[in-house]
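Q: With the sequence up front, the predicted model follows.
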Amino acid sequence: MTTATTHTEDEIWSWLKEVTDPEIPVLNIVEMGIARKVEIDGDKVLVKITPTYSGCPAMSAIEKEVKLKLAEKGIEKFEVKKDFSETWTTDWMTEDAKARLKDYGIAPPEKTTGDDDFLKSLKSTKVVPCPYCDSLDTELQSEFGSTACKAQYYCKECDEPFEHFKCI
């Protein structure tokens, strides 16, 4: 039997990196920015997760996988809590995660904070580069792709459909 006090927060964070997003299996919940906080209080571990949006159907599966991971690692007392105190944003995704999204065939989100003029130009033009050939000659097919957090696009250059992970 192990207790939470025999493990460090860093160790628990490394375990959370083993939990992938069920809708995007090439990304884990840490690099997605879904895993937000790890606290050890005596013999209990608290993990806070933030949904990508309030109705995200993957959150139940993610919560279950976090619990299974903690139990697998020998933690007996834990709580996995959905935290709505901050609104999840695609800015919480790591740059590596965005690059792997592109490699997986999903156009990654643009930044949502920072240069207001840049952001206004993105919103007015809505140009989403193709993740396959980097062409800017793309068009929106549907505001929703396989999940509500993705939109469906088509590349006129390479004739490939692709999804875009929407900025939130």
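A: Looks like it came in fine.
Q: so where is the protein shaky, pLDDT-wise?
A: 1-5, 113-125 (pLDDT under 70).
Q: Find the residue at the geometric middle of it.
A: Taking Cα atoms, centre = their mean, the centroid of the chain lies closest to Met32, which sits 2.9 Å from it.
Q: Pull up the gap between it and Lys48, please.
A: 14 Å (Cβ to Cβ, to the nearest Å). All C-beta atoms are positioned from the backbone trio N, CA, C, and that covers glycine.
Q: just Asp103 next, same as before
A: Taking Cβ to Cβ, one finds Asp103 at 29 Å from Lys48.
Q: The two: which is more packed in?
A: Between Asp103 and Lys48, counted using other Cβ atoms under 10 Å, the more crowded position is Lys48 (17 against 11).
Q: Okay, buried residues for stretch 44-51 please.
A: The neighbour-count check on stretch 44-51 (16 or more other Cβ atoms under 10 Å) flags 45-51 as buried.
Q: Please apply the same query to stretch 83-90.
A: Quick answer for stretch 83-90 (16+ other Cβ under 10 Å): 88-90.
Q: contacting residues for the residue nearest to the centre of the chain?
A: If a contact means Cβ atoms under 8 Å, 6 or more residues apart in numbering, then Met32 has 21, 24, 52, 92-93, 97 as its contacts.
Q: Run through who's touching the lengthiest helix in the chain.
A: Taking DSSP state H as the criterion, the chain has its longest helix at helix 58-72. With Cβ under 8 Å, 6+ apart as the test, helix 58-72 has contacts from 12, 15-16, 18-23, 29, 34-35, 45, 47, 49, 51-52, 78, 80, 82, 147.
Q: This structure - how does it break down into domains?
A: Annotated domains of the chain cover 4-82, 107-165 [automatic domain parsing].
Q: What residue, apart from its backbone neighbours, is nearest Cys130 spatially?
A: Cys155 (3.8 Å; Cβ to Cβ, 6 or more residues apart in numbering).
Q: can you check Val26 too?
A: Tyr104 (4.8 Å).
Q: Equivalent analysis for Glu79, please.
A: Leu46 (5.1 Å).
Q: The helix or strand containing that neighbour - contacts with which helices or strands?
A: Applying DSSP states H and E as the criterion places Leu46 in strand 44-49. Where contact means 3 or more Cβ pairs under 8 Å, 6 or more residues apart in numbering; DSSP states H and E, strand 44-49 is packed against helix 9-16, strand 35-41, helix 58-72, strand 78-82.
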